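Undergrad: The sequence and its predicted three-dimensional model are supplied below.
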Amino acid sequence: MRVKNADVLLSGTNITKVFGYGKHKKTAVQDVSFSFHEGEIVSIVGESGSGKTTLAKMLMGLLKETSGEVRYRGKPRQLKSHADRKKYWKDIQAIFQDPFSSFNVFHKVEKLLTDCMKLQGLKLTKEEQFRKMKEACSFVNLKFEELHNKYPFELSGGQMQRLMIARIFMLHPKILIADEPTSMIDACSRSTILDMLLKLRKENNMTIIFITHDVGLAYYVSDTLYIMEKGRIVESGPAEDVILNPKHRYTQQLISDVPKIHEEWNLAN
């Protein structure tokens with residue numbers, strides 16, 4: 001659980017994202033407000049098309065909000081210049097659903113990891129770089145010596161997800177956005193990936209924002225839940241309160257689709 005009175009790291013007020021114009025206009029996210037605290041685990045939960053991934057891309061600065069304001073450490077976020085974005089991305093990183101889309105397939109594993117050190121502005125000897133890359137791979141139970149000369153397409157999905165976490169280990173971001181990070185891997189690997197992310201959070205007091213359709217996962221790992229439906233936040237609060245005493249019919253519907261949670265909900269009521 002997050003520490004009480006922890007600082008607000010990332011917040012937003014009335015965030016809206018509209019795609020297209022005129023009769024082709026589509027509002028993907030509408031009037032969404034949030035506050036994410038240091039060391040907190042948050043899950044933004046919703047079905048496909050709810051707007052949660054669009055919101056994640058706005059949090060990352062990959063999409064510009066149509067209206068509203070995002071603040072980082074209490075100040076309006078600045079992303080106008082390349083230098084602004086580079087500074088922001090030092091502190092906020094993401095793991096996406098498809099790990100293969102997150103890496104340049106023409107770059108070998110060693111370059112993917114050395115780019116992390118460049119982003120941090122680190123000037124290290126070859127020996128120091130090798131040690132840091134080996135340490136990062138070891139954290140996610142990979143052997144750098146077996147991977148460094150390979151391309152992403154030569155690795156399995158599970159290895160790629162671990163490699164993405166190795167990058168996070170090297171970068172030490174303040175905030176990690178994890179967009180369905182376990183949906184494309186098997187159950188055994190899924191548990192391992194989650195354990196690694198939670199270990200990183202504990203060691204670095206990192207804020208993790210899970211983007212997921214899995215209300216069961218969200219309930220068991222999160223401090224705070226935000227429930228999204230059709231681009232809006234329809235319910236939010238401490239995970240236990242939202243799951244055991246859901247107010248909105250959409251939240252109730254999501255819970256009813258997960259037998260074990262539905263059973264807990266019935267017992268609580």
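TA: Received the coordinates, thanks. Please read all numbers here as calculations on a predicted model, not as lab measurements.

Undergrad: Contacts only, for residue 40.
TA: Going by CB atoms under 8 Å, 6 or more residues apart in numbering, residue 40 touches 2, 6, 207-208, 223-224. Glycine gets a C-beta too; all of them are placed from N, C-alpha and C.

Undergrad: other SSEs contacting the host helix or strand of residue 118?
TA: Assigned by DSSP states H and E, residue 118 belongs to helix 109-119. Other helices and strands packing on helix 109-119, by 3 or more CB pairs under 8 Å, 6 or more residues apart in numbering; DSSP states H and E, are helix 82-91, helix 126-139, helix 157-171.

Undergrad: after the last one, next one along is what?
TA: What it means is helix 157-171. strand 175-179.

Undergrad: How far off centre is that following strand?
TA: Centroid separation between strand 175-179 and its chain, computed with CA atoms, centre = their mean, to the nearest Å, is 2 Å.

Undergrad: before we move on, the earlier item: winner for burial among the helices and strands packed on helix 109-119?
TA: helix 157-171 (a mean of 22; mean count of other CB atoms under 10 Å).

Undergrad: Packing partners of that one?
TA: strand 92-95, helix 109-119, helix 126-139, helix 187-204.

Undergrad: Format the helices and strands packed on helix 109-119 as a markdown table; extra columns: distance to residue 111.
TA: What follows is the helices and strands packed on helix 109-119, written out as a markdown table (distance: least, CB to CB, whole Å):
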| stretch | distance to residue 111 |
| --- | --- |
| helix 82-91 | 18 |
| helix 126-139 | 11 |
| helix 157-171 | 12 |
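
Undergrad: In three-state terms, label residue 71 for me.
TA: strand (DSSP: H, G, I helix; E, B strand; the rest coil).

Undergrad: before we move on, the earlier item: redo the helices and strands packed on helix 109-119 as TSV? Include distance to residue 70 and mean pLDDT.
TA: Output for the helices and strands packed on helix 109-119, formatted as TSV (distance: least, CB to CB, whole Å; pLDDT from 0 to 100):
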stretch	distance to residue 70	mean pLDDT
helix 82-91	10	89
helix 126-139	29	89
helix 157-171	21	85
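
Undergrad: contact partners of the helix holding residue 118?
TA: 86, 89-90, 103-104, 124, 129, 132-133, 136, 144, 147-152, 155, 163, 166-167, 170-171.

Undergrad: let's go with 6 Å and repeat that
TA: 103, 133, 147-148, 150, 167, 170-171 (CB atoms under 6 Å, 6 or more residues apart in numbering).

Undergrad: quick check, nearest of those residues to residue 197?
TA: Distance ranking of those against residue 197, using CB to CB, places residue 167 first at 12.5 Å.
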